[in-house]
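# Structure for the following, please:
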Amino acid sequence: MACEVRLPAAQNQVFDFFSDAFQLERLTPSWLNFSVLTPPPIDMHVGTLIDYRLRMHGIPLKWQSRIDCWDPPLQFSDVQMRGPYRFWEHLHTFEEDGDGTICRDEVHYNVFGGGLVHKLIVKPDLTKIFTYRTKVLQDIFANGTIPAAAELVSH
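Numbering: from 1, shown residues only. Got it, this is the predicted structure:
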């Protein structure tokens, strides 16, 4: 799965936003009841482990990801260590584009339950999640002021 959005902000500003794991709470639809469990501040680098909690179709889940690539301000990737997928790798890239940045997400994953579970549940869910994420990103960056997650969420 892949998606991209152009944001009207400098590459380093967009990268800094994404490198704050607590921004995921803003970028994830409320129906997932998503929260970061790892206490702040999270020092992002290769090997950083981040724990999350969420609900998928009413089922409470814990997810742990590990940062496998860290190359500011160009890219980073995370892989699921524990969670709902058989395999999950998410590459985030940030490309300068004039006075903005093209933000790309490339996700490689494999699900438990095979093709039918993917077609009927996982793919539609991921499409909704990334559509929501794109809209929220556009809204956040449209006003030109990007508050830190800590200013929006109390931990």
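
# could you point out the longest helix in this structure?
If you go by DSSP state H, the chain has its longest helix at helix 123-142.

# Run through the neighbouring helices and strands of that one.
Here helix 123-142 touches strand 2-7, helix 24-27, strand 100-111, going by 3 or more Cβ pairs under 8 Å, 6 or more residues apart in numbering; DSSP states H and E. All C-beta spots, glycine's among them, are computed from the backbone N, C-alpha and C.

# Recalculate using a threshold of 10 Å.
strand 2-7, helix 11-18, helix 24-27, strand 100-111 (3 or more Cβ pairs under 10 Å, 6 or more residues apart in numbering; DSSP states H and E).

# pLDDT on it, on average?
Averaged across helix 123-142, pLDDT comes to 96.

# how big is the angle separating it from strand 2-7?
With axes from the mean of the first three to the mean of the last three Cα atoms, to 10 degrees defining the directions, helix 123-142 sits at 10 degrees from strand 2-7.

# So which bits of helix 123-142 are buried?
129, 130, 132, 133, 134, 137, 140, 141 (16 or more other Cβ atoms under 10 Å).

# gap between it and the chain center?
Distance of helix 123-142 from its chain centroid, counting by Cα atoms, centre = their mean, to the nearest Å, is 10 Å.

# Save the helices and strands packed on helix 123-142 as CSV, and put in mean neighbour count too.
Compiled in CSV, the helices and strands packed on helix 123-142 are given as follows (neighbours: other Cβ atoms under 10 Å):
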stretch, mean neighbour count
strand 2-7, 15
helix 11-18, 19
helix 24-27, 18
strand 100-111, 17
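
# would CSV of those with mean pLDDT and distance to residue 39 be doable?
CSV is the format used below for the helices and strands packed on helix 123-142 (pLDDT from 0 to 100; distance: least, Cβ to Cβ, whole Å):
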stretch, mean pLDDT, distance to residue 39
strand 2-7, 96, 28
helix 11-18, 96, 20
helix 24-27, 96, 14
strand 100-111, 97, 26
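
# could these be laid out in JSON lines, adding distance to residue 93?
Output for the helices and strands packed on helix 123-142, formatted as JSON lines (distance: least, Cβ to Cβ, whole Å):
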{"stretch": "strand 2-7", "distance to residue 93": "9"}
{"stretch": "helix 11-18", "distance to residue 93": "10"}
{"stretch": "helix 24-27", "distance to residue 93": "16"}
{"stretch": "strand 100-111", "distance to residue 93": "5"}
